[in-house]
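> need a structure here:
(chains A and B)
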There are 2 protein chains.
Amino acid sequence: NPSAAEIMGRKAYKSVKDVPGVIDVAVFAIPAKFVAQALIEVGEKKIPGAVLIPSGFAETGNVEGQQEIVDIGRKYNVRLMGPNIYGFYYTPKNLCATFCTAYDVKGKAALSSQSGGIGMAIIGFSRSAKMGVSAIVGLGNKSDIDEDDLLTFFEQDDNTAIIAQHLEDLKDGRAFAEVAKRVSKKKPIVVLKAGRTAMGARAASSHTGALAGNDKIYEDVLKQSGVIRARSLRDLLEFARAIPILPTPKGENVVIITGAGGSGVLLSDACVDNDLTLMAMPPDLDAAFRKFIPPFGAAGNPVDITGGEPPKTYQNTVRLGLEDPRIHALILGYWHTIVTPPMVFARKLVEVVEEMRAKGIEKPIVASLAGDVEVEEAAEYLFDHGIPAYAYSTEIPVAVLGAKYKWARGAGLI
Amino acid sequence: NPSAAEIMGRKAYKSVKDVPGVIDVAVFAIPAKFVAQALIEVGEKKIPGAVLIPSGFAETGNVEGQQEIVDIGRKYNVRLMGPNIYGFYYTPKNLCATFCTAYDVKGKAALSSQSGGIGMAIIGFSRSAKMGVSAIVGLGNKSDIDEDDLLTFFEQDDNTAIIAQHLEDLKDGRAFAEVAKRVSKKKPIVVLKAGRTAMGARAASSHTGALAGNDKIYEDVLKQSGVIRARSLRDLLEFARAIPILPTPKGENVVIITGAGGSGVLLSDACVDNDLTLMAMPPDLDAAFRKFIPPFGAAGNPVDITGGEPPKTYQNTVRLGLEDPRIHALILGYWHTIVTPPMVFARKLVEVVEEMRAKGIEKPIVASLAGDVEVEEAAEYLFDHGIPAYAYSTEIPVAVLGAKYKWARGAGLI
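Have a look, this model is predicted:
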């Protein structure tokens, strides 16, 4: 700070060059017009990274100003994040290099956004859904660091198991495709491409100067790179939350087990929408399921255990689904009844899943919960125990499982 | 009750025929095998309606049993709801003729479902979202009363402003189309057709014996009848919640006003997805908007007021959007900042909207809220004041507005 020796009890320096010792990263929270000079000092101090929060560069037409700082960065070998960003979080180091509220629920999802507003939506959703994240990164004008740099970093970051990116354009589509193709073999990458319509592309161009480009090309690039494409902001967030906790399926045979026949129908529709294969039930397995369900229930697939059943029936059928090696993933449809209240269902389900985990059996399971408001608590409990579960929706659980499958297929794991 | 004279302090009768006075409706909560005899007594007592909760009829293969009660109903002129249902709610009369928990948040949405599980999801969502409903109805096996009967009832029911139906089949597609065509001119009808895929149709057939049929035919019938088709359970619920509180638009010109440029891009994409027209901004209106926003903001459409603006800027631009008669609907993108916190934004927005309402100006407004968890409270406040608002989503608000438009076009109102 040029005019204070102390701020809120902490020592302030006139220049970064006056700070003793080695500095890892410089966070810029000064007006745009002072950035270039401060960046030179950062370069002279040999700080390798600069987080450029200030706006007032290319996005407002100040293209020369942005070019100037890019040139300074190159000259001094300082990597630039931004400008025009909210900063970034990296939770494994408790680092909040941002002007936003602190975020500290640690987990395996690394999210990034080109837009500050979307970044704030990521933070709000993460906190509300208790989504564990490793990082949340603003990319803004992407004068230097962009999406493929993040992919390269998170590829080798053991704290990250999934990478989810909101973007309005790719400055270098070829570089992204090359890196994404490699990284997606190891970790799922989800992308929400904003500006995929003509109207959206026009808005993107006046927002960040992004050349949103022909969506057909993006579609091809993303598909060939093994990237999961999210169709909506909510999908991006739900995928980032659920995919890391789902085990990778070992094959294509999906079985629906449902207490509510009506959920079974909607879950089946959703399987088709999300390219999932409902297993053709072999006669012996069909007979085995029938042993556990009432005569007016329906075996086949969905396995309809009917609504009046006790927790034991859910447990027995789920155990069978997990034990039989021909089945690779389960979709559960729970129906709230007095006989099997939501939290009883949730606890009993987790019991079976943990019993199987102890035997080394891990398969992806998702659940759709139909019932009164108590199902919300059950959904949270199930999520905490590795089972993505959703109240009042038959589509989100299946979309999430479908996304995991899409990744597993692209990565050659099934 | 055949064996008790009193149950929980209330007098019990051996037969409905012993009950003194006139009875409006008989609710059956007895095993299937006793239904026929009790229904005869209901007929002899001249009760006009029977709510048949018991299962064990056509859905379990007991087709004759179901035919028997249908014949009894016809003979005695008793209308049948069910069998195999959870019953129904009609909140204007505080009526809960169901075995589910009581529901009492009154409002304008009448929902029905063919499946009990989906019915429970409706109740849970309604309670959680504080969605006001006039009725929730289970239709189950639809031995007599079906979807078009409900349409006919709710058409003349002043407590109902929107009808939302989950169905797996239509027993009489022609009758439905005819009634829906008439009713949809007055009130929006939303339908979630389950079993729209081959897998889903197969599941429906083993669930309720529904002949889910060729989806192309349903698509045509629903479209020609002016019915809004929901693609997911969540859409059905969100549409039922939001459509009744949105004023009907008077034309096709939609304007996006956003604090977050990134939201503006995604909202524009969503407009295209939902057949909404972003108004081509006339130069004088463009200039008028520009007066309120910083020079680096973007007018045009979306109007990007930029993130650092005070509440006044949201107010000024929204007021302009409401006052100018060339604009017919507004989509707002809010970005959580220290300058304009969520609840400040919400209150200031409601101020302007109420100021305009007092002048007789009512236009549909929806809002997408990007920010930290406080935006959830703001969304609830806005909803309570007639502005459907959604946290962490740019798609749901636009889908909801799109559904309202679809209805208004079908009803010939624009």
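> can we go C-alpha only for contacts and neighbour counts from here?
Fine.
> Only C-alpha atoms, please: export stretch A:366-378 in CSV.
Below are the C-alpha coordinates for stretch A:366-378, written out as CSV (Å, rounded to 0.1, in the frame of the first residue of the first chain):
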residue,chain,number,x,y,z
VAL,A,366,-28.1,-43.7,-7.2
ALA,A,367,-31.5,-43.1,-5.6
SER,A,368,-34.7,-41.2,-6.4
LEU,A,369,-36.8,-40.4,-3.3
ALA,A,370,-40.5,-39.9,-3.6
GLY,A,371,-42.2,-38.8,-0.4
ASP,A,372,-42.9,-36.1,2.1
VAL,A,373,-40.3,-33.6,3.2
GLU,A,374,-38.5,-36.1,5.4
VAL,A,375,-36.9,-37.5,2.2
GLU,A,376,-34.7,-34.5,2.0
GLU,A,377,-32.9,-35.5,5.2
ALA,A,378,-32.6,-39.0,3.8
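> In the stretch 51-200 of chain A, what residue comes closest to chain B?
A:G124 (3.7 Å; Cα to the nearest Cα).
> so what pLDDT did that residue get?
The model reports A:G124 with a pLDDT of 94.
> And A:E219, by the same measure?
pLDDT at A:E219 comes out at 93.
> And A:S368, by the same measure?
The model's pLDDT for A:S368 equals 98.
> what residues are up against it?
A:263, A:331-334, A:389-394, A:397 (Cα atoms under 8 Å, 6 or more residues apart in numbering or on different chains).
> how about 6 Å then?
A:333, A:389-390, A:394 (Cα atoms under 6 Å, 6 or more residues apart in numbering or on different chains).
> in which helix or strand would I find it?
strand A:365-370 (DSSP states H and E).
> Now do that strand: distance to the chain's middle.
19 Å (Cα atoms, centre = their mean, to the nearest Å).
> list the buried ones in that strand?
A:365-370 (16 or more other Cα atoms under 10 Å in any protein chain shown).
> Stretch A:139-156 now?
A:139-144, A:146-148, A:150-151, A:154-155.
> just to revisit the earlier point, filter the contacts of A:S368 down to the buried ones and hand me the ChimeraX line.
In ChimeraX, this line selects whichever of the contacts of A:S368 come out buried by 16+ other Cα under 10 Å:
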select /A:333,389,390,394
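> Does the least confident helix or strand in chain A by mean pLDDT reach chain B?
When each helix and strand of chain A is scored by mean pLDDT, DSSP states H and E, helix A:198-208 comes last, with a mean of 84. Yes. Under the criterion of Cα under 6 Å from any Cα of the partner chain, chain B is reached by helix A:198-208 at A:199-200, A:203-204, A:207.
> neighbour-wise, which of these leads?
A:A203 (32 neighbours; other Cα atoms under 10 Å in any protein chain shown).
> And the strands in the stretch 251-400 of chain A?
Remark: strands assigned in the stretch 251-400 of chain A by DSSP state E, counting those that start in this stretch are A:253-258, A:277-278, A:303-304, A:329-335, A:365-370, A:389-391.
> The second one pairs with which strands?
The reference is to strand A:277-278. Here strand A:277-278 is paired, per DSSP bridges, with strand A:253-258 (parallel).
> same question for the partner strand, mean pLDDT?
Strand A:253-258 comes out at a mean pLDDT of 98.
> And for stretch A:268-281?
On average, stretch A:268-281 scores 97.
> List, one by one, the residues from chain A near chain B.
A:60, A:115, A:117, A:120-121, A:123-124, A:194-195, A:197, A:199-200, A:203-204, A:207, A:233-234, A:260-262, A:265-266, A:268-269, A:296, A:335, A:370-373, A:392-393.
> Next step: the residues you listed restricted to helices.
Among the residues of chain A next to chain B, the members found in helices (DSSP state H) are A:117, A:120-121, A:123-124, A:199-200, A:203-204, A:207, A:233-234, A:261-262, A:265-266, A:268-269.
> Now list the buried members of these.
Looking at those with 16+ other Cα under 10 Å, the buried ones turn out to be A:117, A:120-121, A:123-124, A:199-200, A:203-204, A:207, A:233-234, A:261-262, A:265-266, A:268-269.
> what residues are up against A:T277?
A:T277 sits in contact with A:V254, where contact means Cα under 6 Å, 6+ apart.
> Equivalent analysis for A:G140, please.
Taking Cα under 6 Å, 6+ apart as the test, what A:G140 contacts is A:82, A:84-85, A:114-115.
> Partner strands of the helix or strand hosting A:Y89 and their direction?
In the assignment (DSSP H and E), A:Y89 maps to strand A:87-90. Strand pairing for strand A:87-90, using DSSP bridges, gives strand A:95-98 (antiparallel), strand A:133-138 (antiparallel).
> which residue does the stretch 301-414 of chain A bring closest to chain B?
A:D372 (3.7 Å).
> Spatially, what comes nearest to that residue if we skip its sequence neighbours?
B:G124 (3.7 Å; Cα to Cα, 6 or more residues apart in numbering or on different chains).
> got it, and A:I189?
A:I163 (4.8 Å).
> ok, back up a step: among the strands paired with strand A:87-90, which is the most enclosed?
Ranked by average neighbour count under the criterion mean count of other Cα atoms under 10 Å in any protein chain shown, these are headed by strand A:133-138 at a mean of 28.
> How far off centre is that one?
10 Å.
> Contacts for it next, please.
A:85-91, A:106-114, A:160.
> List the beta-bridge partners for A:L332.
A:I257, A:A367.
> That one: what's it in contact with?
Contacts of A:L332 by Cα under 6 Å, 6+ apart are A:256-258, A:367.
> of these, closest to A:I7?
A:A367 (51.3 Å; Cα to Cα).
> who touches that closest one in this structure?
With contacts defined as Cα under 6 Å, 6+ apart, A:A367 is in contact with A:331-333, A:389.
> a markdown table for the residues you listed, including pLDDT?
Supplementary listing: those in a markdown table, determined by pLDDT from 0 to 100:
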| residue | pLDDT |
| --- | --- |
| A:I331 | 98 |
| A:L332 | 98 |
| A:G333 | 98 |
| A:A389 | 98 |
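> give me the low-pLDDT residue ranges for chain A?
A:208-213 (pLDDT under 70).
> quick one, domains of it?
Chain A is divided into the following domains under automatic domain parsing: A:6-81, A:87-245, A:253-410.
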